[in-house]
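# coordinates only, no sequence provided:
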């Protein structure tokens, strides 16, 4: 892929060499992501951060990533605060906002909506989630996390054994992760979900055709034994017709420390794209897992910063210019114990 000036809309755009390039840039950006250095390479640039669905991590991490590269961020956080509520089309919105921005990040509840928006945009557009379809930057940060966690035990993504747990039907992060993992060799996936929330059959067939070995089960304990990664997702309540339908599946597949100890290998890593539904009737990941050193969910969230910085770096073609505006940090203070 030629990243420069490109939209990032789907994992289907990537091959392994693209991912390796992105991860290499992310590694170089680590000192800036952790505020060991400052760069002002994007000073004067504007990110249009358009989120028409609720978001905490994705919205703020995209904004923070752009800020860490020296850019400015302008946000829309709901349909009701935009002219879409007045009947403006996505195409018209794209034409207007691409005149105000140098790059746009967009989340929208409708499948393929971000692609339609991008077709009318005059600047690059990054898909931050289009309904239950895809979430490419989440898949990239998930894969980056998997690579870093596996490296602690001298393992690689080739040969990965992973259990995907929860709402696999509507979980866009899962859909994009399945696609990206299908680029690797000898991947084994255990798909653990209620029958009604299984991974869409067309996606199962697609990744199977690329060599992924798939096992489907409704039994959590069986599915999480002999895996390197457990990737848990919440019930996507907003995709159901009503809350009552979603409630049927809430809490059916909850992981706690006792289940982990009884069934998992000692180094099995626990991941979750967040938000974790911590309500008592759901509790996908019990709070007793917080003391488990293999719980990687917050390391995973942190990795969202450096991966999104790398996306901006490649799409805006600034890789060779970052260090030119590098400065030392003179304000960083840690939290007192």
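Ah, there it is. Keep in mind that this is a model prediction, so the values were computed, not measured. Residues are numbered from 1 along each chain as shown.
# what's the offset of stretch 180-198 from the middle of its chain?
16 Å (C-alpha atoms, centre = their mean, to the nearest Å).
# if you count neighbours, what's buried in the helix or strand in which residue 223 is found?
Assigned by DSSP states H and E, residue 223 belongs to helix 220-224. Within helix 220-224, the residues scored as buried using 16 or more other C-beta atoms under 10 Å are 220, 223, 224. Bear in mind the C-beta positions are built from the backbone N, C-alpha and C, glycine included.
# check the offset of that helix from the chain's centre.
24 Å.
# one more: stretch 205-214?
The answer for stretch 205-214 is 21 Å, by C-alpha atoms, centre = their mean.
# could you do stretch 123-138 as well?
9 Å.
# residue contacts, residue 305?
Contacts for residue 305 (C-beta atoms under 8 Å, 6 or more residues apart in numbering) come out as 33, 61, 64, 65, 68.
# out of the residues you listed, who's nearest residue 182?
Nearest to residue 182, judged by C-beta to C-beta, of these is residue 61 at 25.4 Å.
# spatially nearest residue to the closest one (excluding sequence neighbours)?
Nearest non-adjacent residue to residue 61, counting by C-beta to C-beta, 6 or more residues apart in numbering: residue 304, 4.2 Å away.
# near the nearest residue to residue 184 once chain neighbours are set aside, how many other residues are there?
Nearest residue to residue 184 in three dimensions, chain neighbours excluded: residue 157, at 4.8 Å (C-beta to C-beta, 6+ apart). Here the number of neighbours of residue 157 (other C-beta atoms under 10 Å) works out to 22.
# how about the helices in this protein?
16-33, 57-68, 90-97, 113-120, 136-151, 172-181, 201-209, 220-224, 243-247, 257-263, 297-315 (DSSP state H).
# adding distance to residue 191 and mean pLDDT, write those helices out as TSV.
Formatted as TSV, the helices of the chain follow (distance: least, C-beta to C-beta, whole Å; pLDDT from 0 to 100):
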stretch	distance to residue 191	mean pLDDT
helix 16-33	23	98
helix 57-68	24	96
helix 90-97	33	91
helix 113-120	26	95
helix 136-151	16	98
helix 172-181	9	95
helix 201-209	8	97
helix 220-224	8	96
helix 243-247	20	70
helix 257-263	17	97
helix 297-315	20	97
